[in-house]
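Colleague: Pasting the sequence and the predicted model now:
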Amino acid sequence: MIEKYYPDLYFDSIRHIDIKMLKQKGIKGLILDIDNTLVPMHSKDADDNAVSWIEELKIEGFKVCILSNASEKRVVRFNKAIAVTAIHRAYKPSGRAFLNAAGIMGLEPENIAVVGDQLFTDIIGGNKVNMLTILVKPIDRKEILFVRLKRIPEKLVLNSFIKNIEDKINKRLEWKKRSLKYEKNRFKQKQ
Ligand SMILES: [Mg+2]
């Protein structure tokens, strides 16, 4: 089912996300990807744009958690200027990674939005546990080969998403709910 890869929302950048609208949707926390979502791929530190946006989120009362597949060294350094909860080597798109973040944030998956630039890690992972998924366009076009290869099928999914945005939405939301039950069971079994 291609719809499980669809984001709930799609924006040009983090700055285009309507924070008030998130509140109206019952969102209380955000799980954020680093690379190509908050900063360009190889930026070691959080820049002013990322720092000030996350500051805004905090002021609005959102809980914020960084969820990254990058190394501990990378994530710890990046998080210095932001100082939020941060999980490294998350193994996204594992549902476990997202449920773990939800547990740390003390929120139900339904009250969390995931923001990321990749359908096959951030978006499918968030969808698996029925979080609100927000895709942003990658900041930097210069990506490593592995990511560039993933962009090819990603483009096919996105094209289909844009065409089917209305009629496939309900089927998708049903799948997200079912999948959360499954992922929660797996999560419990492994603890
Ligand atoms: Mg990324």
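Modeller: On my side now, so go ahead.

Colleague: From residue 153, how far off is residue 107?
Modeller: Relative to residue 153, residue 107 is positioned 31 Å away (C-beta to C-beta, to the nearest Å). The way it works is simple: take the backbone N, C-alpha and C, and place the C-beta from them, glycine included.

Colleague: Kindly apply the preceding question to residue 13 instead.
Modeller: Distance from residue 13 to residue 153, counting by C-beta to C-beta: 23 Å.

Colleague: Compare these two and say which is more crowded by neighbours.
Modeller: residue 13 (15 against 12; other C-beta atoms under 10 Å).

Colleague: From residue 69, how far off is that one?
Modeller: For residue 13, the distance to residue 69 equals 21 Å [C-beta to C-beta].

Colleague: cool, and residue 2?
Modeller: Distance from residue 2 to residue 69, by C-beta to C-beta: 23 Å.

Colleague: Please identify which of these two sits among more neighbours.
Modeller: residue 69 (21 against 12).

Colleague: State whether the more buried one and residue 118 are indeed in contact, as I suppose.
Modeller: No. If you go by C-beta atoms under 8 Å, residue 69 and residue 118 don't touch, sitting 9.8 Å apart.

Colleague: So in the protein, which helix runs the longest?
Modeller: Identified as the longest helix of the chain according to DSSP state H is helix 169-190.

Colleague: Taking helix 169-190 as reference, get the angle to the worst-scoring helix or strand of the chain on mean pLDDT.
Modeller: Within the chain, judged by mean pLDDT, DSSP states H and E, the helix or strand with the poorest mean is helix 145-164; its value is a mean of 82. If you take axes from the mean of the first three to the mean of the last three C-alpha atoms, to 10 degrees, helix 145-164 sits at 140 degrees to helix 169-190.

Colleague: how far does helix 145-164 sit from the chain's center?
Modeller: 16 Å (C-alpha atoms, centre = their mean, to the nearest Å).

Colleague: for stretch 110-117, same thing?
Modeller: The chain centre lies 5 Å from the centre of stretch 110-117; the measure is C-alpha atoms, centre = their mean.

Colleague: repeat for stretch 136-152
Modeller: 16 Å.

Colleague: wait, what's in contact with the closest residue to residue 26 other than its chain neighbours?
Modeller: Leaving aside its sequence neighbours, residue 26 sits nearest to residue 111 (C-beta to C-beta, 6 or more residues apart in numbering; 5.7 Å). Residue 111 makes contact with 26-29, according to C-beta atoms under 8 Å, 6 or more residues apart in numbering.

Colleague: before we move on, back to that, and the least confident helix or strand of the chain, what's buried?
Modeller: The neighbour-count check on helix 145-164 (16 or more other C-beta atoms under 10 Å) flags 147, 154, 157-158, 161 as buried.
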